[in-house]
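Participant: Build the 3D model from these lines:
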Amino acid sequence: MRLRRFRELLDGKPDGRESMGKDVADVESTGFHWKTDENGFLTHDENENWVSDYVDHIKDMASQYGYPYVLVSSHKKVRDEMDKKGIPYVVVVPDKRLRDEYLIRYIMRGDTQSFIKTVYHHWDEWLDEIEASDAPVVHLSAGQTMTDILPI
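Facilitator: As a prediction, the model looks like this:
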């Protein structure tokens with residue numbers, strides 16, 4: 001499990017990380033989603049309990065560790081589990097017309113070609129699914145980052 005101080009997901013900086021102080025935590029889902037081998041390396045085998053384990057950890061970050069803002073995966077399964085467990089959230093997404101801007105940000109922060117290709121091919125589908133859900137949504141405009149909307 002990896003907990004990092006806020007990782008500026010959308011800022012386009014080459015390393016993609018920026019600290020926002022003690023009020024914000026970013027809980028990466030990868031360490032929950034995949035099983036590890038005997039050496040502790042992630043495999044391509046999905047952890048069947050990843051969603052529940054991940055959401056429990058998210059809840060702990062707020063309740064046990066006092067983070068008022070916890071940035072998490074916007075994956076539908078995660079949002080559904082948060083709804084089931086009564087965890088309030090807001091989904092922050094870029095304006096749908098900003099795909100090219102975000103692809104450039106992902107390139108600049110060093111994301112893999114595989115990640116960038118996946119985002120390119122699923123951009124509309126993922127954003128449409130979020131818009132069709134009952135989740136409260138905040139849209140980022142061109143050039144905006146999470147630092148522009150978090151009240152810290």
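
Participant: Strands along this protein, start to end?
Facilitator: Here the chain has its strands, by DSSP state E, at 3-5, 24-27, 34-36, 42-46, 69-71, 91-94, 137-140.

Participant: Figure out which of these is closest to Y106.
Facilitator: Between Y106 and those, the shortest separation by Cβ to Cβ is 11.3 Å, and it involves strand 91-94. C-betas here are computed from N, CA, C, even on glycine.

Participant: Now do the phi/psi pair for the residue of the chain positioned farthest from its centre.
Facilitator: Distance to the chain centre peaks in the chain at E38, reaching 27.3 Å (criterion: Cα atoms, centre = their mean). Main-chain dihedrals, E38, degrees, to the nearest 10: phi -60, psi -20.

Participant: show me the contacts for the most centrally placed residue in the chain.
Facilitator: Taking Cα atoms, centre = their mean, the centroid of the chain lies closest to S73, which sits 3.3 Å from it. By Cβ atoms under 8 Å, 6 or more residues apart in numbering, the contact list for S73 reads 29, 54.

Participant: still on that earlier bit, export the strands of the chain to TSV and tack on distance to H121 and mean neighbour count?
Facilitator: Shown next, in TSV, are the strands of the chain (distance: least, Cβ to Cβ, whole Å; neighbours: other Cβ atoms under 10 Å):
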stretch	distance to H121	mean neighbour count
strand 3-5	27	14
strand 24-27	25	21
strand 34-36	21	13
strand 42-46	20	10
strand 69-71	24	20
strand 91-94	16	18
strand 137-140	21	14
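
Participant: What residues sit buried inside the longest helix seen in the chain?
Facilitator: For the chain, the helix reaching the highest residue count under DSSP state H is reported as helix 113-132. By 16 or more other Cβ atoms under 10 Å, the buried positions in helix 113-132 come out as 123, 126-127, 130.

Participant: That helix packs against which elements?
Facilitator: Applying 3 or more Cβ pairs under 8 Å, 6 or more residues apart in numbering; DSSP states H and E, we find helix 113-132 packed against strand 91-94, helix 99-108.

Participant: Tabulate those in a markdown table, adding columns for mean pLDDT and distance to K59.
Facilitator: Formatted as a markdown table, these follow (pLDDT from 0 to 100; distance: least, Cβ to Cβ, whole Å):
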| stretch | mean pLDDT | distance to K59 |
| --- | --- | --- |
| strand 91-94 | 93 | 17 |
| helix 99-108 | 95 | 29 |
